[in-house]
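In: Dropping a prediction and its sequence here:
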Amino acid sequence: MKSRAAVAWGPGKPLSIEEVDVMPPQAGEVRIRVIASGVCHTDAFTLSGDDPEGIFPAILGHEGGGIVESVGEGVTSVAVGDHVIPLYTPECGECKFCTSGKTNLCGRIRDTQGKGLMPDGTTRFSKDGEPIYHYMGCSTFSEYTVLPEISLAKVNKRAPLEEVCLLGCGVTTGMGAVMNTAKVEEGATVAVFGLGGIGLSAVIGAAMARAGRIIAIDLNESKFDLARHLGATDCINPKKYEKPIQEVIVDLTDGGVDYSFECIGNVDVMRSALECCHKGWGESVIIGVAGAGQEISTRPFQLVTGRVWKGTAFGGVKGRSELPDYVERYLAGEFKLNDFITHTMGLDGINHAFDLMHSGESIRSVIHF
Ligand code: NAD
Ligand code: AHE
Ligand code: ZN
């Protein structure tokens with residue numbers, strides 16, 4: 001079938017709206033009609049050319065919500081008409097990762113997914129007979145997209161896909177990092193670096209965990225009002241201080257925070273996030289994604305003296321078994337999503353959505369198809 005899609009032809013180039021061909025789903029695959037897709041900083045990261053796994057031409061987008069249009073042979077867990085959220089972290093339930101009880105990362109299709117291919121090693125998208133690659137197994141910047149069955153979470157039809165698409169990446173990542181990865185406890189002191197969709201979701205997670213103090217850090221002070229509204233107790237702009245931000249936070253907190261979260265993708269800030277943690281027990285979680293060739297560093301003494309450095313993908317959430325419950329909790333009113341949606345636009349406006357992100361004007365732009 002034909003589908004309107006935003007194609008990334010090469011690094012650094014604006015996306016181009018094209019009519020592409022989308023093949024029917026093959027065995028174990030599902031074709032969905034995308035209803036809405038958020039734009040995440042990771043899409044911009046890959047488009048910039050900094051992603052070692054970036055491959056072109058590709059259809060980006062990984063924060064979507066859609067409706068099953070057709071299913072391939074052998075698909076049993078979803079049916080035409082089901083509402084689904086695409087998963088860039090699939091869940092086969094059988095591989096050594098899925099059965100370990102230790103991680104949400106699934107190994108089943110990771111190799112082909114990283115090469116922009118379906119599990120059989122081919123693509124379902126093309127233009128004038130030339131292949132176009134998939135992205136993170138999702139490619140939600142297309143009216144229609146094909147995914148492996150294990151890359152779909154079936155969710156409650158009562159949930160508006162224009163909002164719960166944000167649970168396909170940003171909001172789940174930030175909340176999950178706090179609740180699953182760090183397991184922040186009541187009364188804890190938390191620092192969140194970067195107040196985009198991910199960082200603000202970490203603020204919500206910390207508020208839901210009843211953290212005693214939530215310190216929100218950003219260079220862009222226009223993010224502070226929403227951060228406070230969501231539960232931040234202190235908002236700090238590192239540019240306003242003479243000394244390194246980690247020293248400022250250590251002074252403010254009688255020795256450092258219990259938990260910190262880096263939600264930017266800046267390796268210098270990752271160091272600050274670790275070093276603002278309390279001696280003996282402070283834990284820092286890396287969420288931000290840094291470009292090819294970049295590395296983190298600190299004095300090993302920081303770890304010798306009890307600080308812990310860890311990272312998280314998709315907030316440690318297992319997509320098929322756990323994401324539907326996030327949707328239920330949203331429907332039950334435990335957290336809101338529309339606070340994050342600062343802009344909506346049609347697919348034609350997608351390059352503007354990237355501009356709004358780079359200029360710091362948006363939290364999330366959501367593309368409506
Ligand atoms: P965003 O661009 O919306 O937000 C980033 C925020 O960081 C902005 O508010 C910006 O002003 C702030 N910032 C930039 N440099 C700063 C600095 N030096 N000090 C303080 N604040 C600074 O991005 P986002 O969509 O929220 O994504 C954040 C990061 O998380 C990206 O690196 C993205 O790729 C990554 N990410 C990771 C996962 C995962 O599973 N690990 C999931 C989603 C996104
Ligand atoms: N491809 C990059 C890494 C990109 C990355 O870290 N992706 C995160 C999700 S970001 C969502 O917005 C992730 O889940 N990683 C785990 C995985 O298996 O990809 C690189 O450096 O090669
Ligand atoms: Zn994302």
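Out: Noted; the coordinates are in hand. Ligands and ions are numbered 1, 2, ... in the order given.

In: how far away is the residue in the stretch 1-150 of the chain that ligand 2 sits nearest to from Ile287?
Out: Closest residue of the stretch 1-150 of the chain to ligand 2, Cβ to the nearest ligand atom: Thr42 (3.1 Å). For the C-beta atoms, the positions are set from N, CA and C on the backbone; glycine is no exception. As judged by Cβ to Cβ, to the nearest Å, Thr42 and Ile287 stand 11 Å apart.

In: Which helix or strand contains the residue of the stretch 1-150 of the chain closest to ligand 2?
Out: helix 41-48 (DSSP states H and E).

In: excluding its backbone neighbours, what's nearest the closest residue to ligand 2 within the stretch 101-250 of the chain?
Out: Residue nearest to ligand 2 within the stretch 101-250 of the chain: Cys169 (4.9 Å; Cβ to the nearest ligand atom). Leaving out its chain neighbours, the residue that sits closest to Cys169 by Cβ to Cβ, 6 or more residues apart in numbering is Glu63, at 4.0 Å.

In: which strand residues sit across from that neighbour in the sheet?
Out: Gly38 (DSSP bridges).

In: close enough to count as contact, it and Thr172?
Out: No: judged on Cβ atoms under 8 Å, Glu63 makes no contact with Thr172 at a distance of 9.5 Å.

In: Can you give me every residue that contacts the residue in the stretch 151-300 of the chain that ligand 1 sits nearest to?
Out: The nearest approach of the stretch 151-300 of the chain to ligand 1 comes at Gly196, 2.0 Å away (Cβ to the nearest ligand atom). Shown in contact with Gly196 (Cβ atoms under 8 Å, 6 or more residues apart in numbering): His41, Gly170, Lys223, Cys263, Ile264, Met357, Ile363.

In: Is the fifth one in contact with Gly197, as I believe?
Out: Looking back up the chat, that one is Ile264. No: in this structure, Ile264 is not within contact of Gly197 by Cβ under 8 Å, at 11.9 Å.

In: for Lys115, what are its contacts?
Out: Lys115 neighbours (Cβ under 8 Å, 6+ apart): Glu53, Ile55, Tyr133.

In: Let me see the confidence value for it.
Out: For Lys115, the model assigns a pLDDT of 98.

In: Roughly how far does it sit from ligand 1?
Out: Separation of Lys115 from ligand 1 (Cβ to the nearest ligand atom, to the nearest Å): 19 Å.

In: now that residue: how far from ligand 3?
Out: Separation of Lys115 from ligand 3 (Cβ to the ion, to the nearest Å) stands at 19 Å.

In: ditto for Glu69
Out: Separation of Glu69 from ligand 3 (Cβ to the ion): 24 Å.

In: So which other helices or strands are in contact with the strand or helix carrying that residue?
Out: Assignment of secondary structure by DSSP H and E places Glu69 within strand 63-71. When contacts are defined as 3 or more Cβ pairs under 8 Å, 6 or more residues apart in numbering; DSSP states H and E, strand 63-71 sits against strand 29-38, strand 83-86, strand 144-148, helix 161-164.

In: Now do it, average pLDDT.
Out: In the prediction, strand 63-71 has an average pLDDT of 98.

In: Show the contacting residues for Ile59.
Out: Ile59 touches 5-8, 20, 125, 132-135, 139, 141-142, 145, counting by Cβ under 8 Å, 6+ apart.

In: Tell me the most packed of the contacts of Gly196, by neighbour count.
Out: Using other Cβ atoms under 10 Å as the neighbour criterion, Cys263 leads the contacts of Gly196 with 30 neighbours.

In: Might one say that it is in contact with Gly170?
Out: No: using Cβ under 8 Å, Cys263 is not in contact with Gly170; the gap is 9.6 Å.

In: In this protein, where is pLDDT below threshold?
Out: Along the chain, the model assigns pLDDT under 70 to no residue.

In: what's the angle from the helix holding Thr42 to strand 63-71?
Out: 80 degrees (axes from the mean of the first three to the mean of the last three Cα atoms, to 10 degrees).

In: interface residues of this structure facing ligand 1?
Out: For the chain, the contact set with ligand 1 under Cβ under 6 Å from any ligand atom comprises 40-42, 45, 169-170, 173, 193-199, 217-220, 223, 238, 263-266, 269, 287-289, 312-314, 357, 360.

In: Just give me the closest of the contacts of Ile59 to ligand 1.
Out: Using Cβ to the nearest ligand atom, these come closest to ligand 1 at Tyr135, 13.2 Å.

In: buried stuff in the helix holding Thr42?
Out: His41, Thr42, Asp43, Ala44, Phe45, Thr46, Leu47 (16 or more other Cβ atoms under 10 Å).

In: what's near enough to touch the last one?
Out: Right, the one you point to is Leu47. The contact partners of Leu47, by Cβ under 8 Å, 6+ apart, come to Ala8, Pro11, Gly12, Lys13, Leu15, Gly54, Leu60, Phe354.

In: and if you look at the fifth one?
Out: Applying Cβ under 8 Å, 6+ apart, one finds that Phe45 lies in contact with Asp51, Gly265, Val289, Gly291.

In: again, 10 Å this time
Out: Asp51, Gly54, Gly265, Gly288, Val289, Ala290, Gly291 (Cβ atoms under 10 Å, 6 or more residues apart in numbering).

In: Skipping adjacent residues, who's closest to Tyr144 in space?
Out: Ser3 (4.1 Å).

In: Starting from the helix or strand hosting that neighbour, tell me the next helix or strand along the chain.
Out: Ser3 belongs to strand 2-7 when elements are defined using DSSP H and E. As assigned by DSSP H and E, the chain's next helix or strand after strand 2-7 is strand 16-22.

In: Mind giving me the packing neighbours of that next one?
Out: Counting contacts by 3 or more Cβ pairs under 10 Å, 6 or more residues apart in numbering; DSSP states H and E, strand 16-22 is packed against strand 2-7, strand 125-127, strand 130-132, strand 144-148, helix 350-358.
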